[in-house]
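# predicted model and sequence below, questions to follow.
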Amino acid sequence: MLVKVYGAAVQGINATLITIEVNSSRGCMFYLVGLADSAVKESHQRIISALQVTGYKMPTSNIVINMAPADIRKEGSAYDLPLAIGILSANETISPEKLSRFVMMGELSLDGSIQPIKGALPIAIKAREEGFEGLIVPKQNAREAAVVNNLSVYGVENIKEVIEFFNGKYELQPTVVNTREEFYAQQENFENDFEDVKGQENVKRALEVAAAGGHNLLMIGAPGSGKSMMAKRLPSILPPLSLGESLETTKIHSVAGKLNSDTSLISKRPFRDPHNTISQVAMVGGGNYPQPGEISLAHNGVLFLDELPEYSRAVLEVLRQPLEDRRITISRVKYTTDYPASFMLVASMNPCPCGYYNHPTKECVCSPGQVQKYLNRISGPLLDRIDIQIEIVPVPFEEISNRRPAESSGEIRKRVIKARQIQEKRFAGQSGIYCNAQMTSKLLATYAQPDSKGLALLRNAMERFDLSARAYDRILKVARTIADLEDSELICPAHLAEAISYRNLDRENWAG
């Protein structure tokens, strides 16, 4: 008897429908074709054990399974469930009537229990697109997949539940998630708040400007001056995710297997802080089994690189193209995969090997050559993509001991949201541009041209501080954001002066 069951293969952050054709005839052989990898072929042994433990028998007939389309590689153990159901149905142990209405995926344990899978959300989206009535997935993935409307999602714990469901002996209950209610209820809850930060008002202001314009930012300061502490609070002042952004972010984390079983939609902007020993593949994605890297997991959020010069030069250089294109293409011999990578790069570093160059009280023991060599670990092209470079000095005791609470993240966030709304209106007709940091040279000429006084100030600053030519566009972008924060249509000299102050490393004499 020939039957068809349906699963899905995840490619990038999207899914492709897989038709599993099972034919049972006289004989005693087992054949699995359709470009299946070793993990899929090993399902034979898992299925035999799972069926025995749950009171069913593996058919002793000749079984041929084809996984179509045959030119797409099938990887992983998530096909165990549809393969097992297809085998039983071909042997007439299961009624085939309802099989064509459902997509199913799940890894089988030897005792018949069903283990979680990766990519349940893109699979659910594909099932709805193809017009299926429902999706059967492990219970741990049910809430993740249930955010998709007009699709019944059933979470199961054991293969016996699925067998009895198709035979009409057991009724599965669909998982219901109030997507909008849960999404909006969790958007304001942050563990870290700027009201806990004492002093550092100039750095808070720089972070506010960076958040308002989507600018990349680099903090330079001595150990213990609060660089990491403030970076971790940046997501609390970023604009909230829209439902569309949240869905795209959740798809990436779903494919990577990073979602908790109680998570439906990611409601807060991601904050990723990989260690400086990270490899190129872990940063950008790829591998034998393609997975999103840290830059894609930070999509619509923040990628924080602590102690930037300590990262491998090769790892830092691969960031250059994603910072411009806001997506990454992984090209290998057997596959090509695209992952979105629109993130804010926030980095921190010591000013020198000993950490105390320009420190107000401690003396630096590094020679000028050592300081410059340390800074040269960051290439010019990468530094060119960082709009704001802010120097941090340690907080004096008087400010640390001050018990008066600082301005909260909520108050800062209101100003950031207002500035972002101005930018959304400004770039409404521009495809792929949503904030000032993404402006092209043409848009800069239209929206970020200072008046004659501003141009004179900019010229004087570049000559006096030996600012490099690459700083020009960055200063104009940041000045445009500062003007938006003050709801000013024009870029004033004061806005330019503040933007110029955020270009510390462009000063030719900074490292002595």
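Yes, it's here. Numbers count the residues shown, from 1 in each chain.
# my read: Asp80 touches Arg46, true?
Yes: counting by Cβ atoms under 8 Å, Arg46 is a contact partner of Asp80 at 5.6 Å. From N, CA and C alone the C-beta is placed, and that goes for glycine too.
# of these two, who's got more company?
Higher neighbour count among Asp80 and Arg46: Asp80, with 27 against 18, using other Cβ atoms under 10 Å.
# where's that one relative to Ala146, distance?
Remark: distance between Asp80 and Ala146 (Cβ to Cβ, to the nearest Å) = 22 Å.
# repeat for Gly221
Gly221 is 46 Å from Ala146, by Cβ to Cβ.
# show me which of those two is the more surrounded one.
Legend: neighbour count by other Cβ under 10 Å for Gly221 and Ala146, higher for Ala146 (25 against 22).
# tell me the pLDDT of that one.
We have a pLDDT of 94 for Ala146.
# need the contact list for it.
Applying Cβ atoms under 8 Å, 6 or more residues apart in numbering, we find Ala146 in contact with 124, 153, 174-177, 264.
# who wins for most neighbours among those?
Ala124 (29 neighbours).
# so who does that residue touch?
So Ala124 contacts 135, 137, 145-148, 151, 153 (Cβ under 8 Å, 6+ apart).
# which parts of the stretch 251-400 of the chain are helices?
280-284, 294-297, 313-317, 320-325, 368-375, 380-383, 397-400 (DSSP state H, counting those that start in this stretch).
# out of those helices, deepest packed?
Comparing these by mean neighbour count (mean count of other Cβ atoms under 10 Å), helix 294-297 comes out on top with a mean of 26.
# distance from that one to the middle of the chain?
Centre-to-centre, helix 294-297 and its host chain are 4 Å apart (Cα atoms, centre = their mean, to the nearest Å).
# do the same with stretch 188-208
On Cα atoms, centre = their mean, the centre of stretch 188-208 falls 23 Å from the chain's centre.
# stretch 451-462 now?
39 Å.
# using CSV, list the CA coordinates for that stretch.
Extracted C-alpha coordinates of stretch 451-462, given in CSV (Å, rounded to 0.1, in the frame of the first residue of the first chain):
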residue,chain,number,x,y,z
ASP,A,451,24.2,75.7,7.5
SER,A,452,27.2,77.9,6.8
LYS,A,453,28.0,78.3,10.5
GLY,A,454,27.9,74.5,11.0
LEU,A,455,30.1,73.9,8.0
ALA,A,456,32.6,76.4,9.4
LEU,A,457,32.6,74.6,12.7
LEU,A,458,33.1,71.2,11.1
ARG,A,459,36.0,72.5,9.0
ASN,A,460,37.7,74.0,12.0
ALA,A,461,37.2,70.8,14.0
MET,A,462,38.7,68.6,11.3
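# sec struct for the closest residue to Pro394 other than its chain neighbours, please.
Nearest residue to Pro394, sequence neighbours excluded (Cβ to Cβ, 6 or more residues apart in numbering): Ser225, at 4.8 Å. Taking DSSP: H, G, I helix; E, B strand; the rest coil as the rule, one finds Ser225 in the coil state.
# so who does Ser225 touch?
392-395.
# quick one, which of those are buried?
392-395 (16 or more other Cβ atoms under 10 Å).
# a markdown table for those, including distance to Phe194?
Compiled in a markdown table, the buried ones among the contacts of Ser225 are given as follows (distance: Cβ to Cβ, whole Å):
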| residue | distance to Phe194 |
| --- | --- |
| Ile392 | 15 |
| Val393 | 18 |
| Pro394 | 18 |
| Val395 | 14 |
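# let me know the closest of the residues you listed to Gln187.
Ile392 (29.2 Å; Cβ to Cβ).
# ok, Ile72 - contacts?
9, 11, 16, 18, 35.
# again, 10 Å this time
By Cβ atoms under 10 Å, 6 or more residues apart in numbering, the contact list for Ile72 reads 9, 11, 16-18, 34-35, 335.
# next one: Thr440
Counting by Cβ under 10 Å, 6+ apart, Thr440 has contacts 430, 433, 446, 473.
# go through the residues you listed and say which is closest to Glu310.
Asp473 (28.6 Å).
# and the closest one, how far from Arg459?
15 Å.
# higher neighbour count, these two?
Asp473 (16 against 10).
# mind checking the SS state of the spatially closest residue to the more buried one that is not a sequence neighbour?
Leaving aside its sequence neighbours, Asp473 sits nearest to Leu444 (Cβ to Cβ, 6+ apart; 6.2 Å). What three-state DSSP gives for Leu444 is helix.
# what's Leu444 in contact with, if anything?
436, 472-473, 476-477, 480.
# quick one: it from Leu303, how far?
25 Å.
# and what of Ser452?
Relative to Leu303, and taking Cβ to Cβ, Ser452 is found at 39 Å.
# would you agree Asp80 is in contact with Met105?
Yes: using Cβ atoms under 10 Å, Asp80 is in contact with Met105, at 8.7 Å.
# can I assume Pro82 sits in a helix?
Yes: with three-state DSSP as the criterion, Pro82 is located in a helix.
# how many other residues sit next to it?
29.
# from here on, count from 21
All right, first residue 21 from here; so that's Pro102.
# before we move on, the earlier item: so which of the helices of the stretch 271-420 of the chain is nearest Ile432?
That would be helix 417-420 among those, by Cβ to Cβ, at 18.2 Å.
# which is the next helix or strand following that closest one?
helix 429-446 (DSSP states H and E).
# how near is the nearest residue to His235 once chain neighbours are set aside to Arg523?
Take His235 and drop its neighbours on the chain: the residue closest to it by Cβ to Cβ, 6+ apart is Asp407, 3.9 Å away. Distance, Asp407 to Arg523, by Cβ to Cβ: 9 Å.
# any shared contact partners between these two?
In contact with both Asp407 and Arg523: 491, 494-495, 498, using Cβ under 10 Å, 6+ apart.
# in a strand, Thr39, correct?
Yes: with three-state DSSP as the criterion, Thr39 is part of a strand.
# could you check the pLDDT of Ile420?
Taking Ile420 on its own, its pLDDT is 64.
# no wait, Arg527
59.
# what does the one 5 residues further on give?
In the predicted model, Gly532 carries a pLDDT score of 50.
# sorry, back to before: now the contacts of Ser245 as JSON lines including distance to Ser316 and pLDDT?
Formatted as JSON lines, the contacts of Ser245 follow (distance: Cβ to Cβ, whole Å; pLDDT from 0 to 100):
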{"residue": "Ile412", "distance to Ser316": "29", "pLDDT": "89"}
{"residue": "Val413", "distance to Ser316": "35", "pLDDT": "84"}
{"residue": "Pro414", "distance to Ser316": "36", "pLDDT": "82"}
{"residue": "Val415", "distance to Ser316": "35", "pLDDT": "78"}
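# what residues sit buried inside stretch 41-52?
So stretch 41-52, judged by 16+ other Cβ under 10 Å, has buried residues 41-44, 50, 52.
# out of those residues, what pair is the most spread apart?
Going by Cβ to Cβ, the pair spanning those furthest: Glu41 and Phe50, at 14.4 Å.
# looking at the helices of the stretch 271-420 of the chain, which one has the lowest mean pLDDT?
Minimum mean pLDDT among the helices of the stretch 271-420 of the chain: helix 417-420, a mean of 64.
# tell me who's in contact with Ala231.
By Cβ under 10 Å, 6+ apart, the neighbours of Ala231 are 237, 254-259, 289, 322, 364, 366, 432-433, 435-437, 439-440, 455, 501, 505.
# now the buried members of these.
237, 254-259, 289, 322, 364, 366, 432-433, 435-436, 439-440, 455, 501, 505.
# narrow the residues you listed to those in strands?
Using DSSP state E, the subset of the buried ones among the contacts of Ala231 located in strands is 237, 322, 364, 366.
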